[in-house]
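1. Got a predicted structure plus its sequence, pasted below:
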Amino acid sequence: MNWKEKTLCLVPRFLADLYRYNPHTAAVEILKRLLTGIVNYNATTKYFCAPCPTDTARFKEQYIAIYKERTHMNTTANDAISLLIKDHREVKEMFKKYEGLTDRSIVSKKKLADQICQALTVHAEVEEQIFYPAVREAIKDDDLMDESLVEHAAAKELIAEIENMNPEEDLYDAKVTVLSEQIDHHVEEEEKEMFPQVQKAGLDLVELGKKMKALKKELEIDVS
Ligand SMILES: [Fe+2]
Ligand SMILES: [Fe+2]
């Protein structure tokens, strides 16, 4: 097998691995590569492959870059942005689970809604104490950062109401649904507007991630 054949075998495997590791990043990477013609998608084999056999030098160069990225990513799974995205996905899953509960599942509803509230409280605290101040300093976009804080404050009010209620009370479900919608909107702004700016700002995201992980651990002990 020459290097090109090997590469063609490895690329799909790499993308599959990357997808398992971080679906969001993998999807963006695949899209980027499709758009720039670095990777083509073969609908018959359902594999990603090199665009054109004559373009091997460019592909080899790009493949090395992809490989380096992968190696880098494996060692930086705990960077600040990966940690926050992981939290976002977990909370989204919990909201989905809540939606699936029947009106009679009072105990499960209360348990799950309280778990959601705790997870969001810890997440917001980690962002406000460590991530946001570092980002505000680095990206110089005060409007965006102020907006995020106001959205956190609105979510906290709703969280406090939900925590003090039980599922049999009027508006309980509605409050959980509105919280879910507010969080969806907030997460979209963070992931689409804030994080791309953070990635370009040259912050030490691994170091920041370490501090965030430590604080999260402390806060989780406090709330449990
Ligand atoms: Fe967040
Ligand atoms: Fe946030």
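-> Yep, it's here. Numbering: from 1, shown residues only. Ligands and ions are numbered 1, 2, ... in the order given.
2. mind listing the helices for the chain?
-> Counting by DSSP state H, the chain has helices at residues 3-21, 23-35, 56-75, 80-99, 106-126, 132-139, 142-163, 172-189, 195-200, 205-223.
3. Tell me, domain by domain, which residues of the chain belong where.
-> According to the domain assignment given by automatic domain parsing, the chain is divided into the following structural domains: 3-75, 80-223.
4. comparing those, which gets the lowest mean pLDDT score?
-> With a mean of 55, domain 3-75 has the lowest mean pLDDT of the domains of the chain.
5. Quick check: residues of the protein near ligand 1?
-> Taking C-beta under 5 Å from the ion as the criterion, the neighbours of ligand 1 within the chain are 84, 190. Just so you know, the C-beta spots here come from the backbone N, C-alpha and C atoms, and that holds for glycine as well.
6. switch to 8 Å and redo it
-> Remark: the part of the chain in contact with ligand 1 comprises 84, 87-88, 123-124, 127, 186-187, 190, using C-beta under 8 Å from the ion.
7. is it possible to export those to a markdown table including distance to G100?
-> Listed next are these as a markdown table, based on distance: C-beta to C-beta, whole Å:
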| residue | distance to G100 |
| --- | --- |
| L84 | 25 |
| D87 | 21 |
| H88 | 19 |
| H123 | 22 |
| A124 | 25 |
| E127 | 28 |
| H186 | 23 |
| V187 | 20 |
| E190 | 26 |
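8. what number of residues lie near the nearest residue to Y172 once chain neighbours are set aside?
-> Once its chain neighbours are removed from consideration, Y172 has its nearest residue in M165; the separation is 5.3 Å (C-beta to C-beta, 6 or more residues apart in numbering). Number of residues near M165 (other C-beta atoms under 10 Å) recorded here: 16.
9. now do V198
-> Residues contacting V198 under the criterion other C-beta under 10 Å number 21.
10. V206 contacts I81, doesn't it?
-> No: proximity of V206 to I81 does not meet the contact threshold set by C-beta atoms under 8 Å, at 10.4 Å.
11. Counting neighbours around each, name which of those two comes out higher.
-> For V206 and I81, the more surrounded residue by other C-beta under 10 Å is I81, and the numbers stand at 23 against 14.
12. I figured that one hits Q199, correct?
-> Yes: the pair formed by I81 and Q199 meets the contact definition of C-beta under 8 Å, at 6.9 Å.
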